[in-house]
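Q: Output the structure for:
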Amino acid sequence: MILQAAGIQRVPWDRTLRALLQLFDGHGFDWWVLGSTALAVRELDVVPHDVDLVVADDAVSEIEDLLLDHLVQPVVLTHGWVHNSCARAFLHCRVEWVGGVSPLADELFLSDQGPYAASHLEVVPWGGYEIRVPPLELQLEVSKQRGLSERVQIIERALF
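A: The predicted structure follows:
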């Protein structure tokens, strides 16, 4: 994990996502991918440093159980924040998930993890699976807000 974070080793986000999809198969979780991984599954020219997920509150603990042997940080309750909980694991690369979408996530500006994103998810085919991701236009706005100019250019090329 440290070598990946330092840029010494490649981050096998695709291997991680495939492993998660296999683990989640049949569980019926309400979840979606966001951030750079959501762009990568759209085949945009980005290299994710981890796999970020938003999951429904009722799936948080079950996902923790599925990833128990890979946990880095167990589920932590974060009521009053933009989500109700968060957790982290290392399954080929870092996996971070937050539970429960809060209106606070969209308070300052629309985010790719708030209620607006949750109600506008798109389905992207990837590796024989269907992955739910936030709209590309929303990811563009989030990237602008975060000052990710290279990512903004990549998304704009895909949109226009």
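Q: Now do the same contact list for the nearest residue to residue 42 once chain neighbours are set aside.
A: What sits nearest to residue 42 in space, not counting adjacent residues and going by CB to CB, 6 or more residues apart in numbering, is residue 124, at 5.6 Å. Where you see a C-beta, it was placed from the backbone N, CA and C, and this is true even at glycine. For residue 124, the contacting residues are 41-42, 130-133, by CB atoms under 8 Å, 6 or more residues apart in numbering.
Q: go on, residue 104?
A: Applying CB under 8 Å, 6+ apart to residue 104 gives the contacts 81-82, 114.
Q: List buried residues within these.
A: 82, 114 (16 or more other CB atoms under 10 Å).
Q: Mind telling me what element residue 39 is part of?
A: helix 35-41 (DSSP states H and E).
Q: From the contact counts, what lies against that helix?
A: helix 13-24, strand 51-55, strand 129-133, helix 149-159 (3 or more CB pairs under 8 Å, 6 or more residues apart in numbering; DSSP states H and E).
Q: Tell me which of the ones you listed sits nearest to residue 109.
A: With respect to residue 109, and counting by CB to CB, the nearest of the helices and strands packed on helix 35-41 is helix 149-159 at 14.5 Å.
Q: got the CA positions of the closest one in PDB?
A: Output of helix 149-159 as PDB, limited to C-alpha atoms (Å, rounded to 0.1, in the frame of the first residue of the first chain):
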ATOM      1  CA  SER A 149      -6.900  20.800 -14.100                       C
ATOM      2  CA  GLU A 150      -5.500  17.800 -15.900                       C
ATOM      3  CA  ARG A 151      -8.500  15.700 -15.000                       C
ATOM      4  CA  VAL A 152     -10.800  18.600 -16.200                       C
ATOM      5  CA  GLN A 153      -9.100  18.600 -19.600                       C
ATOM      6  CA  ILE A 154      -9.500  14.800 -19.900                       C
ATOM      7  CA  ILE A 155     -13.200  15.000 -19.000                       C
ATOM      8  CA  GLU A 156     -13.800  17.900 -21.300                       C
ATOM      9  CA  ARG A 157     -12.200  16.000 -24.200                       C
ATOM     10  CA  ALA A 158     -14.600  13.100 -23.600                       C
ATOM     11  CA  LEU A 159     -17.600  15.400 -23.300                       C
END
